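Enquirer: sequence plus predicted model, see below.
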Amino acid sequence: MPAISFVQLAPNADHRRESGKRYEARCRFCDTLDRIIERIGAMHPISILKYGQRQVVNAVKDLPDAAWDTPGVCGFWSVKQIIGHLIGWEHYFEEFIAPFAGKPIPTPHIDDYKVMDEDAYNDKYGTAAATRTSIDLMAEFQTVNERVMTLAKLISEDTWRQLGTLPWSDSNDLEDFVVYGYYGHKYEHAAQIVVFRDKLNQQTKA
């Protein structure tokens, strides 16, 4: 099964259309994504959610302050902007799964996505993050993820695997959304940050 980015499982999404801009620099690990997803696909969705978050957190651990602002990590985006972008989709995912957990919440990010094209949504949460501090970004990223995990633990086993629960697909379930969208998306960006750090290390040694 091909790798699917976060929004490719969402309606009206065509994540790959940006390949000429932000996603042109495909990381060296992306060819292994299918194999990794095949392995984690046997895991419980809760574990997959934890694993995806850990991938990103580990990728930025001890990143020098100046490196957070360096462009070109993902297209023209810096690490800051990648994290801002992931925050936007973390909020989206929180709002999306809340009803499945029996805890519906306001949906400002889903509402944004409904009226914006994907570029505009990513600009609002990704590109604009350049003005924020790395500490602030990571604090929000972790806080929203904690809320996601709380909601995810309230979702029943049957609901995770029930076809027809995604409003845009009768052939995928909520677990598919977690594996191919949520985890795959975080994996892709974490890998880009790892590649960027490798380049920094090579430059330092040169």
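Expert: Thanks, I have the structure now.

Enquirer: leaving out chain neighbours, which residue sits closest to residue 63?
Expert: Nearest in space to residue 63, with sequence neighbours left out and distances taken as CB to CB, 6 or more residues apart in numbering, is residue 79 at 6.5 Å. The C-beta positions use only the backbone N, C-alpha and C, and glycine is treated the same way.

Enquirer: residues near the one you found, how many?
Expert: Residue 79 has 25 neighbours, counted by other CB atoms under 10 Å.

Enquirer: could you give the average pLDDT over the longest helix along the chain?
Expert: Longest helix in the chain, counting residues (DSSP state H): helix 184-205. Mean pLDDT, helix 184-205: 90.

Enquirer: determine the set of other helices and strands touching that helix.
Expert: helix 33-40, helix 45-60, helix 79-97 (3 or more CB pairs under 8 Å, 6 or more residues apart in numbering; DSSP states H and E).

Enquirer: what packs against the helix or strand containing residue 139?
Expert: Using DSSP states H and E, residue 139 sits in helix 134-152. The contact analysis (3+ CB pairs under 8 Å, 6+ apart) places helix 134-152 against helix 45-60, helix 79-97.

Enquirer: and those helices as JSON lines, adding distance to residue 183?
Expert: Shown next, in JSON lines, are the helices and strands packed on helix 134-152 (distance: least, CB to CB, whole Å):
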{"stretch": "helix 45-60", "distance to residue 183": "4"}
{"stretch": "helix 79-97", "distance to residue 183": "11"}
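
Enquirer: circling back: mind listing what's buried in the longest helix of the chain?
Expert: 184-197 (16 or more other CB atoms under 10 Å).

Enquirer: farthest-separated two in the residues you listed?
Expert: Within the buried residues of helix 184-205, 184 and 197 form the most distant pair, 20.6 Å apart (CB to CB).

Enquirer: between the buried residues of helix 184-205, which sits nearest residue 110?
Expert: Among these, and counting by CB to CB, the member closest to residue 110 is residue 185, at 16.1 Å.

Enquirer: now that closest one: how far from residue 89?
Expert: Distance, residue 185 to residue 89, by CB to CB, to the nearest Å: 7 Å.

Enquirer: now residue 146
Expert: 16 Å.

Enquirer: likewise residue 108?
Expert: 13 Å.

Enquirer: which residue of the two possesses the greater neighbour count?
Expert: residue 89 (26 against 11).

Enquirer: isn't residue 110 right up against residue 95?
Expert: Yes - using CB atoms under 8 Å, residue 110 is in contact with residue 95, at 5.0 Å.

Enquirer: which one's more surrounded, the two?
Expert: Comparing residue 110 with residue 95 by other CB under 10 Å, the one with more neighbours is residue 95, at 20 against 15.
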